[in-house]
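Participant: coords below, sequence missing:
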């Protein structure tokens, strides 16, 4: 709800269709991630992951409350939105390595693909309801209430973390919170082509296919729908993601994971092109749902690949480096989409992005041909020392 509301809020505060103002939000989201990923990965491997999440979730709740208060008293502007978003992004930079590294600590390896499917369903169910409700809340109660409801919702997240209880993790090989520890993580990733190739796919595919930030302009200025229509469009990808997650969660074992991964990203690119050309709400929704389903399949498979091929003592560092790729791609892509949208048009930015995704799949498939034969049941390589 808050992500969609911020995009709409910036469009309203800018006073006119300004792709650069919307694209700028991507920059303030990714810069803290790049800066703090240097220490957030080693922190997730050295400190208690659950305790880290308790702190980061509290910070995110406070930033949402800050947005709500400033909006209610009518002292909000684009600069303050950027600032609070940057603070929230800094918290997320520590939250994601701890969260992703903790999942294999509480779920058996054989159940990881199903667990990631259920995680995808949970996340995307919220991503469906959030923007839809957000559009209604903005139209009826006002912009500030979207931020207020988000702040209150973090109480449920914090309560869930408390109820989880103690979670064991391998700290015997922890090398501290320092640059040598980060170098160990980089060395590990470079030694695992199957992990490196999926990270690069993450970055470049999401860089070229960042249509979400342009959604307020698509909704208001191209499709001519209001806040409620915008809410439906912002939920489109998540509807497809939930459908795909439901299917994959019931599959006992996913074979030929590499070809499925590459194929799903290719479909994502094709659907992005369809969305860019669409002049109608119905076609746009279909394209977005296909994009969401394809993205869910690729996300579940790449998360499974990375976690199964990474020892527990270095998982936090792997995720912290990876988050530069999977967050950097879409956030920097928002800036790129804003520039292309400003120079040419928003549809041109979306269509060219879809073409870029297809070219990336072709390049990755040729550069790392082992992806075409990766099944998911190969024996794991020998672990690399963290020394």
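Facilitator: Sure thing, it's come through. All values derive from a computational prediction rather than experimental measurement. Residues are numbered from 1 along each chain as shown.

Participant: so residue 314, which of the three states?
Facilitator: Here residue 314 is recorded as helix under DSSP: H, G, I helix; E, B strand; the rest coil.

Participant: gap between it and residue 343?
Facilitator: Note on residue 314: its distance to residue 343, by C-beta to C-beta, to the nearest Å, is 42 Å. Placement of C-beta: from N, CA and C, glycine included.

Participant: Can you give the contact residues for the helix or strand hosting residue 153?
Facilitator: If you go by DSSP states H and E, residue 153 is part of helix 143-164. With C-beta atoms under 8 Å, 6 or more residues apart in numbering as the test, helix 143-164 has contacts from 1-2, 5, 8-9, 12, 50, 53-54, 57-58, 60-62, 64-65, 67-68, 71-72, 106, 133-134, 137-138.

Participant: mind checking how far that helix is from the chain centre?
Facilitator: 19 Å (C-alpha atoms, centre = their mean, to the nearest Å).

Participant: List the residues that contact residue 116.
Facilitator: By C-beta under 8 Å, 6+ apart, the residues touching residue 116 are 103, 299, 300, 303, 304.

Participant: Which of those has the largest number of neighbours?
Facilitator: Among the contacts of residue 116, residue 300 has the most neighbours (other C-beta atoms under 10 Å), with 30 neighbours.

Participant: Can you tell me the closest non-neighbouring residue to that residue?
Facilitator: Closest residue in space to residue 300, ignoring its immediate chain neighbours: residue 116 at 4.7 Å, by C-beta to C-beta, 6 or more residues apart in numbering.

Participant: Helix or strand: which one has that neighbour?
Facilitator: helix 112-140.

Participant: Go through the contacts of helix 143-164 and flag which are in strands.
Facilitator: Residues of the contacts of helix 143-164 located in strands (DSSP state E): none.

Participant: Quick check: PyMOL command selecting the buried ones in those.
Facilitator: Per 16 or more other C-beta atoms under 10 Å, the buried members of the contacts of helix 143-164 correspond to this PyMOL selection:
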select buried, resi 1+2+5+8+9+50+53+57+60+61+64+65+67+68+71+133+134+137+138
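
Participant: Identify those among the contacts of helix 143-164 that sit within helices.
Facilitator: Of those, the ones assigned to helices by DSSP state H are 2, 5, 8-9, 12, 50, 53-54, 57-58, 60-62, 64-65, 67-68, 71-72, 106, 133-134, 137-138.

Participant: And for stretch 345-357, what's in contact with it?
Facilitator: 17, 19, 204-205, 207-211, 214, 217-218, 221-222, 265-266, 268-277, 333, 336-338, 340-341.

Participant: If we use 6 Å, what do you get?
Facilitator: 205, 208-209, 211, 214, 217, 269, 272-273, 276, 337, 340-341 (C-beta atoms under 6 Å, 6 or more residues apart in numbering).

Participant: and it, which residues are buried?
Facilitator: 346, 347, 349, 350, 351, 352, 353, 354, 355, 356, 357.
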